[in-house]
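S.K.: Whatever this is, show me its structure:
(one chain, ligands or ions: 1)
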Amino acid sequence: VGRTEYGLAPVATREWLGYVWVCLAENPPSFEEDVIGDVVARLGDAEAIEHYDIASLSVGKRFVYDVKANWKLIIENFMECYHCATIHPELTEVLPEFADGFAAQYYVGHGAEFGEAVKGFTVDGSEGLDRIPGVAEDQDRRYYAITVRPQVFINLVPDHVIFHRMYPVAVDRTVVECDWLYLPHVVDSDKDVSRSVELFHRVNQQDFEACERTQPGMSSRMYAKGGVLVPSEHHIGAFHDWVNERLGTRRQQAGRPLSPGGPSDGRSPPRP
Ligand SMILES: [Fe+2]
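M.R.: Purely as a prediction, here's the structure:
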């Protein structure tokens, strides 16, 4: 009786992309719909991520960030790109379209293209590491960012994958663990991955500092209506809806986009 009543609590787990995905819910939602569904919604199909064969990659570097901000703020930041031109000088050099401020996760299947003179996804645009063999021609020289709600970011570039997991530890504090994954022989051969790692490490530091600076304002009761979203942030509005739906709350109407906006409003994206 003691073992069954007071033993360890069972949790639902699933292995995918080389990681163990844990769900604490008593009745876990469908992994295919929730987790793989988020990848499909972003990339257009599940096959696109298989090209990177993430489970076969090795961890070349891991950084753990202790961020003094709510996890939802980190998601909102990751999903929009107004801030890119002003706080990510290195990233916008490599991905010039990010300087336009359009969200990378706005258009299904679209990956941001490397700048013409850029050789690799590195802090100075210098040559990267060996390309992952399965990466398709139309995925080469492109960066794809995926938000897997609620806690994972997956960043795909031709020669590595940057994999974030967020652990909310308080209402205003989140631990973010971030892995840089390379082909096993790249890691085993002690090749220098520092310029490769440095690009997104700086992006992380820049983003998390921005989140920390925003947290005090969001802690205010005046922020209770969820802030104001412009049309191009419709996908952030959708994230608010998702959170409210999960929590069974529906009080943040003021956080809706000012107009329908989005691809359905007839405007074409700045690039394909
Ligand atoms: Fe950012």
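S.K.: Leaving out chain neighbours, which residue sits closest to the residue positioned nearest the centre of the chain?
M.R.: With distances taken as CA atoms, centre = their mean, the residue of the chain nearest its centroid is residue 153 (2.9 Å). Leaving aside its sequence neighbours, residue 153 sits nearest to residue 164 (CB to CB, 6 or more residues apart in numbering; 3.9 Å). (Glycine included, C-beta is placed from N, CA and C.)
S.K.: In contact with the one you found, which residues?
M.R.: 152-155, 176-178, 204 (CB atoms under 8 Å, 6 or more residues apart in numbering).
S.K.: Can you tell me which of these are classed as buried?
M.R.: Those of these that meet the buried threshold are 152-155, 176, 178, 204, by 16 or more other CB atoms under 10 Å.
S.K.: and of these, the nearest to residue 243?
M.R.: residue 152 (15.5 Å; CB to CB).
S.K.: Show me what that closest one is bridged to.
M.R.: Under DSSP bridges, the beta-bridge partners of residue 152 are residue 148, residue 165.
S.K.: Just confirm it contacts residue 165, I think it does.
M.R.: Yes. Between residue 152 and residue 165 there is a contact under CB atoms under 8 Å: 5.7 Å.
S.K.: per-domain residue ranges of the chain.
M.R.: With domains defined by automatic domain parsing, the chain comprises 56-219, 225-272.
S.K.: rewinding a little: for residue 84, see how far away the residue nearest to the centre of the chain is.
M.R.: According to CB to CB, to the nearest Å, residue 153 and residue 84 sit 15 Å apart.
S.K.: Residue 245 now?
M.R.: According to CB to CB, residue 245 and residue 84 sit 29 Å apart.
S.K.: Which of the two has more residues huddled nearby?
M.R.: Using other CB atoms under 10 Å as the criterion, residue 245 and residue 84 rank with residue 84 on top: 24 against 10.
S.K.: Near the residue lying closest to that one once chain neighbours are set aside, how many other residues are there?
M.R.: Nearest non-adjacent residue to residue 84, counting by CB to CB, 6+ apart: residue 98, 4.2 Å away. Neighbour count of residue 98, defined by other CB under 10 Å: 20.
S.K.: Then residue 7?
M.R.: For residue 7, the count of nearby residues is 8 (other CB under 10 Å).
S.K.: Likewise for residue 121?
M.R.: The burial count for residue 121: 26, using other CB under 10 Å.
S.K.: same check, this time on residue 190
M.R.: 7.
S.K.: Please apply the same query to residue 6.
M.R.: Look at residue 6: counted by other CB under 10 Å, it has 8 neighbours.
S.K.: ok, now the one 10 residues further on?
M.R.: Residues within reach of residue 16, counting by other CB under 10 Å, total 15.
S.K.: before we move on, the earlier item: among the buried ones among the contacts of residue 164, which are located in helices?
M.R.: Counting by DSSP state H, the buried ones among the contacts of residue 164 place residue 204 in helices.
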